[in-house]
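S.K.: after the sequence you'll find the predicted model.
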Amino acid sequence: MQLPKGKKVYFSSDNHLGAPTQAESLPREKKFVKWLDEVKEDAGAIFLLGDLFDFWFEYRTVVPKGFVRVLGKLAEISDSGIPIYFFVGNHDLWMQDYFEKELHIPTYRDVKEFTFNDKVFLIGHGDGKGPGDKGYKRMKKVFTNPVFKWLFRWFHPELGMRLAQYLSVKNKLISGDDDAIFLGEENEWLAQYAKRKLETKHYDYFVFGHRHLSMEIKVGEKSTYFNLGDWISQYTYGVFDGENFQLKKYD
């Protein structure tokens, strides 16, 4: 994609809407919608890197109640012609085709390469990448297994949603969320993942979420790993202006 003059690419991640309750997350949802309203003015594209919701499951005719403000705003922006890309996170990994059919937003389940103005990006949520975190990786295999999803679908939505929401908030192994403590440049596992990817191909920027910590780490002579932080306490996001990538905070 060649960005038109004055256009930018925006990135955000980890809103966890609905946690710990929908009522308590509502102010954060409204703040995020306000941000979307502002960035649409010069956005060439918008990337949402997962965990927009704290839990999401699509039955054939049922989707989770709530989130009408953010869903409506995303529909408005998509309908206006601004491309939006969504990467499934570990909390909304059971997303199917609702975003694609209703909002015309393509949905990705793994990292994907994009090029903007000759700058090569590798983009994704980030869960399960890099060394370690073996407990979560095993759990993810279970939760993404088609048989497990088929069995869960037989729960009545009222029971299934309540159970899954409880587990999402309470069980750290299921959530895959580490404590948001900076591990040091040499120990951040997504930085290590980026360095390994550079052994086979050059990327200018690696952009991930999941860690709930905004960070910028040089992983190669001309390559940088960015983590977007979250929209729970940091309200940080990324922006590429056609030449450079920056992390910013929304007040």
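M.R.: Everything's here; your move. Numbers count the residues shown, from 1 in each chain.
S.K.: strands along the stretch 151-251 of the chain, start to end?
M.R.: 205-208, 214-220, 223-228, 236-240, 245-249 (DSSP state E, counting those that start in this stretch).
S.K.: and the ones you listed, which is most packed in?
M.R.: When you average the neighbours per residue for each of those (mean count of other C-beta atoms under 10 Å), strand 205-208 leads with a mean of 26. Where you see a C-beta, it was placed from the backbone N, CA and C, and this is true even at glycine.
S.K.: for Leu71, find the nearest of the strands of the stretch 151-251 of the chain.
M.R.: strand 236-240 (19.0 Å; C-beta to C-beta).
S.K.: want to throw the strands of the stretch 151-251 of the chain into TSV with mean pLDDT and distance to Asp79?
M.R.: Below are these laid out as TSV (pLDDT from 0 to 100; distance: least, C-beta to C-beta, whole Å):
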stretch	mean pLDDT	distance to Asp79
strand 205-208	98	25
strand 214-220	97	31
strand 223-228	98	25
strand 236-240	98	22
strand 245-249	98	26
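S.K.: out of these, which comes closest to Arg196?
M.R.: strand 214-220 (9.6 Å).
S.K.: picking that back up, distance to Pro27 added to the strands of the stretch 151-251 of the chain, as JSON lines?
M.R.: JSON lines is the format used below for those (distance: least, C-beta to C-beta, whole Å):
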{"stretch": "strand 205-208", "distance to Pro27": "26"}
{"stretch": "strand 214-220", "distance to Pro27": "20"}
{"stretch": "strand 223-228", "distance to Pro27": "20"}
{"stretch": "strand 236-240", "distance to Pro27": "17"}
{"stretch": "strand 245-249", "distance to Pro27": "17"}
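S.K.: so for Ile181, which of the ones you listed sits nearest?
M.R.: Of all these, strand 214-220 sits nearest to Ile181, with 11.5 Å by C-beta to C-beta.
S.K.: given that closest one, what are its sheet partners and their directions?
M.R.: If you go by DSSP bridges, strand 214-220 pairs up with strand 223-228 (antiparallel).
S.K.: contacts for the partner strand, please.
M.R.: 11-14, 49, 126, 188, 190-191, 194, 198, 202-211, 213-219, 236-238, 245, 247 (C-beta atoms under 8 Å, 6 or more residues apart in numbering).
S.K.: redo that, cut-off 7 Å
M.R.: 11-13, 49, 190-191, 194, 198, 202-209, 211, 213-219, 236-238, 245, 247 (C-beta atoms under 7 Å, 6 or more residues apart in numbering).
S.K.: any idea which helix is longest in this structure?
M.R.: helix 22-39 (DSSP state H).
S.K.: low-confidence stretches in this protein?
M.R.: 132-145, 148-158, 160-179 (pLDDT under 70).
S.K.: list the contacts for the closest residue to Lys249 other than its chain neighbours?
M.R.: Excluding its sequence neighbours, the residue lying closest to Lys249 (C-beta to C-beta, 6 or more residues apart in numbering) is Thr236, at 5.2 Å. By C-beta under 7 Å, 6+ apart, Thr236 lies in contact with Ser214, Leu228, Gly229, Leu247, Lys248, Lys249.
S.K.: now for the residues you listed, which pair is the farthest apart?
M.R.: Farthest pair in the contacts of Thr236, by C-beta to C-beta: Leu228 and Lys249, 11.1 Å.
S.K.: what residues are up against the residue nearest to Phe182 when sequence neighbours are not counted?
M.R.: Nearest non-adjacent residue to Phe182, counting by C-beta to C-beta, 6+ apart: Leu213, 6.0 Å away. Leu213 makes contact with Ala180, Phe182, Asn227, Gly229 under the criterion C-beta under 7 Å, 6+ apart.
S.K.: weed out the non-buried ones from those residues.
M.R.: Asn227, Gly229 (16 or more other C-beta atoms under 10 Å).
S.K.: now tabulate the contacts of Leu213 in TSV and tack on distance to His104.
M.R.: Output for those, formatted as TSV (distance: C-beta to C-beta, whole Å):
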residue	distance to His104
Ala180	33
Phe182	37
Asn227	28
Gly229	27
